[in-house]
Structure formats: C-alpha cells, structure tokens
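> Requesting a structural model of the entry that follows:
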Amino acid sequence: MPRTAPFLYVGPTVILIGVLLVVPVVTVIGYSLFNNVITNPTPQFVGFDHYQELLTDTGFYKAIGNTLVFTVVSVAAHFVIGLAFALLLNSPLMGRTTTAIYRSIYVLPWLFTVAIVAVLWRLLLNPNGVVNYLLGFVGGGATEWLSDPALALGTVTFINIWAGYPFFMVSLLAGLQGISADLYEAARVDGANTWQRFTAVTLPSLRPVIVSMALLDLIWTSQQFALIWMTTGGGPIDATELVSTFTYKLAFTNYEFGAASAAAVIVLVLSMILAVFYVRHQRSKE
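Purely as a prediction, here's the structure:
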C-alpha cells in the first residue's frame, strides 16, 4: 500500500471540514478586522477597533450578563427537574401503564419546535391569556409577562426551562436504568437510608452523565437565539438581550457586519472554552 493511501481516505473528510468549518470561521475573523465589510466593495481595515468598541459597550456587557443568568439558571433547573422526573419514572412503585403515561407527558415539551413553543407561551402569557385569567381567581391582575422589563428575562428563562428539561430527564433516566441493583442492595445491607443511597450510589453513578449533559446544555443554552427572538426580540429595553440577539441586531438591523463579526468571534472563543472542558471530560472517561 502506498504511503499516500491513508491521506486519500481521510482527504474528503478534511476537505469537507475545511469548507464547512474552517473557511467560514477564518472569513468571520477577517470581517471583524474591517469596517463597512460586505456592503462596501473596498472595506477599510480597522484592526481591533471593533473589539475595543465592544469591550467598552455597556450594551454588550448587559447582553453578556443576561446570557449568564439565562444560561446558568436554565441549566441548573434542567438538571434538578430532569433528575426529579427521571427518579420518579424509574421508581419501582409505579406500574408500567402509569410510567408510560407520565413519560409521554414529561417528554411532551421536547416534541414541539421552537416556533410552536414561542407562539404557545406568547398566547398563554398574553395579558388576556390563560395564565392571567387563572391568576385572576386569586386576585392577580393582567400582568405583562413578556413586556415588563422586570419580568421578561425571568419569563423567557422559565419558558426555556420548560422546553429543555426533557433533554436532561431522558439522559438521566437512561443512566439510572444502567445502575446495578446490587449496589443499592449492598448499601441497604450496610444500613444506608434512602438519602444515603442517593448520595453514595445514585449521584456518583450518574456523575459522568451529569457532567456531559451539563456542558452540552451550557453550550446550547448560551447560544439560544430563536426562542428569545420569537418571544421578546431581546426587549423590552434590552431586558432579554442575549449575546446571540445582540450580534444579530448588529449585523441585520444596524448593518455593522464588522462589529457583528467581532462579537461572533468573542462568542466562538467562549464556546471553545466550554468545548475544551467537554472534550477533556470525555477523554478522562476513556
């Protein structure tokens, strides 16, 4: 076999990765160094000016802060709710029929597209919608859930939690079903109560699944765009502005493609940091 044979096998894959990944990334990095890029055939080279502008822009820091709150709260809630429902579905106290019914109900949010989720919750949270109607029975008023700057970020975070917890639930349920019953039996023999069995057997056994899912969810949630854009558009008054919507507005509302590219590069760097932690975790399991 000639020495070039291995390269011929991997060559098409390398070329495909280069065309679909490397070229776009390099192009965006190049755009971030120019002004009036795309709209002007002779853009002006400005170096790192766009990065300097972003790092002194209070709106960009507001978007980063909103993204951190939105991401951390969503991932934490996804884990807690997903684990609770996974434990419930894995309980031997529930019959097969009951488990099947609850499993269908709990996984329901995962079956909806982002567009359906956004439209559904906008209708439910409308000042004249179902939620305010039900709250009216306990003295609640017509709350502007998505239009009040004090409530909007918490509201879209809640929607994202509702739409995303099945991701954790299904993964943790699979992990629970893989834990040997002998481990729990040994813990009972040693006199461990329910909480001690949970902390000494369940959580350590689920740790690889939890870490992997948490890192993936962090990457996915931090880049959430469609849900925010279709519910609040980043408003009101930037109350729900995330880095993703901030970048989108720079590019397609203000037509500042150079600044938008710089913001995209910053997001890429932050995402790569999370990706490195994820890869290191995966390698540690080998």
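> Surely residue 240 and residue 153 touch.
Yes - the pair residue 240 / residue 153 is scored as a contact, 5.1 Å apart, by Cβ atoms under 8 Å. Every C-beta, even on glycine, is put in place using the N, C-alpha and C of the backbone.
> what touches both of the two?
Taking Cβ atoms under 8 Å, 6 or more residues apart in numbering as the contact rule, residue 240 and residue 153 both touch 66, 70.
> more crowded one of the two?
Using other Cβ atoms under 10 Å as the criterion, residue 240 and residue 153 rank with residue 240 on top: 26 against 20.
> Who does residue 45 form a beta bridge with?
Legend: beta-bridge partners of residue 45 under DSSP bridges are residue 34.
> Model confidence for it, exactly?
Looking at residue 45, its pLDDT reads 90.
> what do you get for residue 143?
Residue 143 carries a pLDDT value of 85.
> what's the burial count for it?
The burial count for residue 143: 16, using other Cβ under 10 Å.
> ok, for it, nearest residue in space, not its chain neighbours?
residue 132 (5.9 Å; Cβ to Cβ, 6 or more residues apart in numbering).
> Which helix or strand in the chain has the lowest average pLDDT?
The helix or strand of the chain with the lowest confidence, counting by mean pLDDT, DSSP states H and E, is helix 5-17 at a mean of 77.
> In that one, which of the residues would be classed as buried?
Within helix 5-17, not a single residue qualifies as buried, counting by 16 or more other Cβ atoms under 10 Å.
> CA atoms only for it - export them in PDB, please.
Taking Å, rounded to 0.1, in the frame of the first residue of the first chain, the C-alpha atoms of helix 5-17 are listed here in PDB:
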ATOM      1  CA  ALA A   5      -3.200   5.800   0.800                       C
ATOM      2  CA  PRO A   6      -4.300   6.900   4.300                       C
ATOM      3  CA  PHE A   7      -4.400  10.500   3.300                       C
ATOM      4  CA  LEU A   8      -6.600   9.600   0.300                       C
ATOM      5  CA  TYR A   9      -9.100   8.000   2.700                       C
ATOM      6  CA  VAL A  10      -9.300  11.000   5.100                       C
ATOM      7  CA  GLY A  11      -8.800  13.600   2.400                       C
ATOM      8  CA  PRO A  12     -12.500  14.100   1.500                       C
ATOM      9  CA  THR A  13     -13.400  14.500   5.200                       C
ATOM     10  CA  VAL A  14     -10.700  17.000   5.800                       C
ATOM     11  CA  ILE A  15     -11.700  19.000   2.700                       C
ATOM     12  CA  LEU A  16     -15.400  18.900   3.800                       C
ATOM     13  CA  ILE A  17     -14.500  20.100   7.300                       C
END
